[in-house]
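[1] Fold the following, please.
(one chain, ligands or ions: 1)
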Amino acid sequence: MEGNRRLEVLERQLCGAQLAEAPELIDDAALSAICPKQLQALLVHDNPELRSAVFEFLKDDIFKPNHYLSLMEFRELTLQRLQRFVAADFGGRGFDVRDYMNDPRRFMAGLECLSFCDYSMAIKAGVHFTLCGGTICKLGTAKHHNALLPKLNTLELPGCFGMTELGHGSNVMGIETTAVYDAPRGEFVITTPSNEASKYWIGGSGQHGKICAVFAQLTVGGVWQGPHVFMVRIRDDSGRLMPGVRIKDHGPKMGLNGVDNGQIWFDSVRVPRDAMLDRYASVDAAGTYSSPIPTVSARFGTMVGGLTTGRILIGQGAVTACMIATTIALRYASQRPQFGDKLIGDYLTHQRRLLPGLATTYALQLGMKQLKVAAFDAAKPDAKLVHVLSSGLKAAATWNRVEVLQQCRECCGGMGFLAANKIGPMKTDMDVDVTFEGDNTVMMQQVARALLDDPATARLNAPGSWDRVALAGTPHVSAGQLHSLLQAHERSLLCQLRDAMASASSGKGGKGAAAAAAAFEENLDLVVQLGWAHVDARCMGYMLDEARAAPGGAAAGVSVLAQLYGATRIEARLARYLQVGLLNGADAAALRLAVNKACRQLGSGGPAAPALKLCDAFGIPEHLLAAPIAKNWREMGQTL
Ligand SMILES: Cc1cc2nc3c(=O)[nH]c(=O)nc-3n(C[C@H](O)[C@H](O)[C@H](O)COP(=O)(O)OP(=O)(O)OC[C@H]3O[C@@H](n4cnc5c(N)ncnc54)[C@H](O)[C@@H]3O)c2cc1C
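    Here you go, the predicted structure:
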């Protein structure tokens with residue numbers, strides 16, 4: 001009897017793949033209620049006047065794309081663009097690096113707008129203002145602020161950020177450059193002890209940089225104190241290299257060629273005692289080192305923990321790129337027929353390739369919004385939350401960008417390959433965002449580590465089997481079902497990793513923390529999946545919160561996309577859901593049909609497709625869309 005029932009269940013599950021009917025994800029009434037204006041207010045939520053002023057400023061001819069320039073001409077143009085930016089007054093206050101401390105949202109908003117125009121300009125500005133200027137702001141004290149920030153504001157002192165070395169990228173603690181205090185002369189001596197210790201990839205150092213925030217291992221009175229930051233002049237006012245400084249220009253890269261990256265060696269370069277950024281540690285004239293933070297690792301963690309703005313900007317830039325590329329590709333799809341009258345946007349494959357990316361772009365934009373609230377608005381920011389969100393969202397946003405831009409490029413066919421249509425140059429210029437400001441694989445490990453270190457993890461129960469959330473046979477899949485699936489998926493990974501580490505550390509021959517760390521490494525594939533799972537569940541939660549609080553026309557748009565987002569994130573990781581029993585074969589089949597149906601609802605209808613309204617809500621100014629196929633492809637080569 002029991003055997004028969006099991007056979008029946010098995011049969012139902014196997015046949016379910018054919019029999020499932022499409023449950024509804026999206027309600028048609030919600031689609032017609034979408035209001036782009038209300039949605040835009042929800043998505044872009046701070047400094048509207050500054051944003052409009054920067055967008056207006058970017059109408060100048062100097063910001064028009066020019067794909068015919070040589071490497072050196074492009075670098076020169078990028079520098080000139082930045083000079084224009086620092087000279088602009090943007091309705092009265094201009095752009096001020098001190099806003100990194102005083103008004104971080106304004107600081108972010110000003111720089112965010114540049115990535116709508118050109119990534120080289122955005123990154124050259126980011127290196128100068130955020131990495132160099134922000135480091136001075138956060139790790140320096142009044143003497144550094146007063147002496148350096150006014151010169152950064154005018155670009156009199158183009159700044160660089162010297163953290164990475166040839167031999168030490170992701171492992172920043174391992175850098176080898178040394179700074180030894182010479183008490184009789186009251187100076188630090190900065191040295192590159194080996195070629196592997198040369199500063200590598202340093203943005204702005206190849207040609208234009210004059211000052212660099214150099215990370216070096218500090219020794220005072222023979223005692224090693226760990227990495228600290230020193231402001232070192234690398235070129236004099238007329239642009240000649242300083243004594244003891246050697247720089248090799250990296251030359252052409254696969255993209256981002258408006259930025260002059262370079263490699264730097266320091267040969268016993270002497271800098272005054274004041275060159276050390278001393279907010280968290282200082283050395284007095286007699287050579288006494290002091291810091292309120294007792295250990296090297298805690299001190300370094302505090303120093304780099306204060307520098308998350310750059311990481312947030314990179315994540316936001318990736319979301320912006322997805323907005324631009326998706327808008328271009330969907331607009332083109334809504335006008336371009338192929339095989340008779342059928343618009344390419346009406347093919348299911350097209351909808352399947354573009355619309356999950358649109359939903360993810362919304363999810364990540366709302367995730368970035370919450371990250372900014374956590375990082376900049378709280379009276380006392382929750383450092384752990386900021387760390388988890390900034391690491392996870394940076395990785396998710398940039399990996400998502402890789403996928404979205406590739407799909408958009410392919411969906412535009414040959415037109416996607418034309419530089420004038422913007423997607424291609426964005427793809428090559430931005431490819432590095434998965435690597436810099438924290439390599440994505442390493443970032444996802446940081447997320448997982450923080451989750452596993454949380455004492456609440458130890459109390460999570462891991463059931464023998466996970467409760468299935470039945471999608472097959474229901475007429476409608478609710479947001480609650482999707483969200484609880486995403487959360488259960490995250491919990492399943494968390495429990496599996498926690499148990500693997502716990503049994504390694506307590507098992508026979510286990511060696512406590514070292515054995516747990518080895519188990520973590522043994523399961524790095526799951527570790528990265530956990531990072532993703534956390535971001536997916538959090539973003540879905542943020543979307544649902546926004547939908548509950550927003551006015552009707554915005555709530556409709558967010559909840560429609562939350563449905564597609566949740567469903568497609570689950571679909572992308574289906575193997576795990578099936579493996580742990582959160583879904584069965586019939587649910588998987590039903591999910592596929594539900595996603596197909598939702599994509600049809602959003603993407604069909606040519607220029608009237610609801611997806612286009614959702615793109616309008618990004619509020620991208622027409623002059624910054626700058627792709628002829630986003631306007632009227634039939635006029636290519638004539639008026640466009
Ligand atoms: C265009 C560009 C501009 C840059 N600008 C600057 C700048 O201005 N200033 C600056 O200081 N730096 C800069 N960088 C450096 C950048 O931050 C580093 O490239 C980055 O930190 C990665 O280091 P890496 O290149 O040595 O790669 P590695 O750390 O060697 O990583 C190589 C590969 O190994 C993997 N890996 C590494 N460690 C682990 C691990 N623990 N577990 C699993 N996998 C691992 C990574 O995922 C990656 O795929 C720039 C880089 C580029 C490309």
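[2] what comes up buried for stretch 183-192?
    Within stretch 183-192, the residues scored as buried using 16 or more other C-beta atoms under 10 Å are 187-192. C-beta: built from backbone N, CA, C; applies to glycine.
[3] will you turn these into a markdown table that also has secondary structure, distance to the ligand and pLDDT?
    Converted to a markdown table, those look like this (DSSP: H, G, I helix; E, B strand; the rest coil; distance: C-beta to the nearest ligand atom, whole Å; pLDDT from 0 to 100):
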| residue | secondary structure | distance to the ligand | pLDDT |
| --- | --- | --- | --- |
| Glu187 | strand | 24 | 98 |
| Phe188 | strand | 19 | 98 |
| Val189 | strand | 21 | 98 |
| Ile190 | strand | 15 | 98 |
| Thr191 | strand | 18 | 98 |
| Thr192 | coil | 14 | 98 |
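[4] Just the terminal-to-terminal distance for stretch 412-423.
    9 Å (C-alpha to C-alpha, to the nearest Å).
[5] Name the residues of that stretch that are buried.
    Residues of stretch 412-423 classed as buried by neighbour count (16+ other C-beta under 10 Å): 412, 415-416, 418, 421-423.
[6] Give me the pLDDT for the closest residue to the ligand within the chain.
    At 1.8 Å from the ligand, Gly169 is the closest residue in the chain, using C-beta to the nearest ligand atom. We note a pLDDT of 96 for Gly169 in this prediction.
[7] Excluding chain neighbours, give the residue nearest to it in space.
    Distances taken as C-beta to C-beta, 6 or more residues apart in numbering put Asp439 closest to Gly169, at 7.2 Å, once the chain neighbours are dropped.
[8] Break this structure into its domains for me.
    20-42+311-454+474-625, 48-152, 161-295 (automatic domain parsing).
[9] So which residues on the stretch 351-500 of the chain come close to the ligand?
    432, 435-436, 439, 441-442 (C-beta under 6 Å from any ligand atom).
[10] no, scratch that, I was asking about the chain
    Contact residues, the chain versus the ligand (C-beta under 6 Å from any ligand atom): 127, 161-164, 169-170, 201-203, 253, 256, 261, 432, 435-436, 439, 441-442.
[11] coming back round to it: give me the number of residues near the residue of the chain closest to the ligand?
    17 (other C-beta atoms under 10 Å).
[12] same thing with Cys408?
    Applying other C-beta under 10 Å, we find 30 other residues in the vicinity of Cys408.
[13] measure it to Ala515 for me?
    46 Å (C-beta to C-beta, to the nearest Å).
[14] And Val180, its phi and psi?
    phi -110, psi 130 (degrees, to the nearest 10).
[15] Leu530 too?
    The phi/psi pair for Leu530 (degrees, to the nearest 10) is phi -60, psi -40.
[16] And for Arg573?
    Dihedral angles (degrees, to the nearest 10) for Arg573: phi -120, psi 30.
[17] Pretty sure Leu530 is one of the things it touches, is it not?
    No. If you go by C-beta atoms under 8 Å, Arg573 and Leu530 don't touch, sitting 11.3 Å apart.
[18] okay, these two: which has more neighbours?
    Shown here are Arg573 and Leu530; by other C-beta under 10 Å, Leu530 has more neighbours (27 against 17).
[19] Phe161 falls within a helix, correct?
    No. Under DSSP: H, G, I helix; E, B strand; the rest coil, Phe161 falls outside any helix and is assigned strand.
[20] ok, it - contacts?
    127, 131-132, 135, 202-203, 212-213 (C-beta atoms under 8 Å, 6 or more residues apart in numbering).
[21] low-scoring pLDDT stretches of the protein, where are they?
    Of all residues in the chain, those with pLDDT under 70 make up the ranges 1-20, 508-510, 639-640.
[22] before we move on, back to that, got the residues of the stretch 351-500 of the chain next to the ligand as CSV, with neighbour count columns?
    Formatted as CSV, these follow (neighbours: other C-beta atoms under 10 Å):
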residue, neighbour count
Val432, 20
Thr435, 15
Phe436, 20
Asp439, 14
Thr441, 16
Val442, 15
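[23] centroid residue for this structure?
    By C-alpha atoms, centre = their mean, the chain has its centre lying nearest to Gly315, at 1.9 Å.
[24] So which elements touch the helix or strand hosting it?
    Using DSSP states H and E, Gly315 maps to helix 309-333. Applying 3 or more C-beta pairs under 8 Å, 6 or more residues apart in numbering; DSSP states H and E, we find helix 309-333 packed against helix 104-114, helix 119-125, helix 348-372, helix 383-411, helix 423-430, helix 610-616, helix 622-625.
[25] Which stretch among the ones you listed is buried most, on average?
    Most buried of these, by mean neighbour count (mean count of other C-beta atoms under 10 Å): helix 119-125, with a mean of 25.
[26] Run through who's touching the helix or strand following it.
    Tracing the chain C-terminally past helix 119-125 and defining elements by DSSP H and E, one meets helix 134-139 next. With contacts defined as C-beta under 8 Å, 6+ apart, helix 134-139 is touched by 97-98, 100-101, 144-145, 148-149, 152, 159, 161, 213, 229, 231, 277, 279-280, 303, 306-307, 309-310.
[27] at 6 Å instead, please
    By C-beta atoms under 6 Å, 6 or more residues apart in numbering, the residues outside helix 134-139 that reach it are 100-101, 144, 148, 213, 229, 277, 279, 303, 306, 309.
[28] Next secondary structure after it?
    Counting by DSSP H and E, the next helix or strand C-terminal to helix 134-139 is helix 142-153.
[29] hang on, the earlier thing: kindly reformat the helices and strands packed on helix 309-333 as CSV containing distance to Gly287.
    Below are those laid out as CSV (distance: least, C-beta to C-beta, whole Å):
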stretch, distance to Gly287
helix 104-114, 36
helix 119-125, 38
helix 348-372, 41
helix 383-411, 32
helix 423-430, 46
helix 610-616, 61
helix 622-625, 54
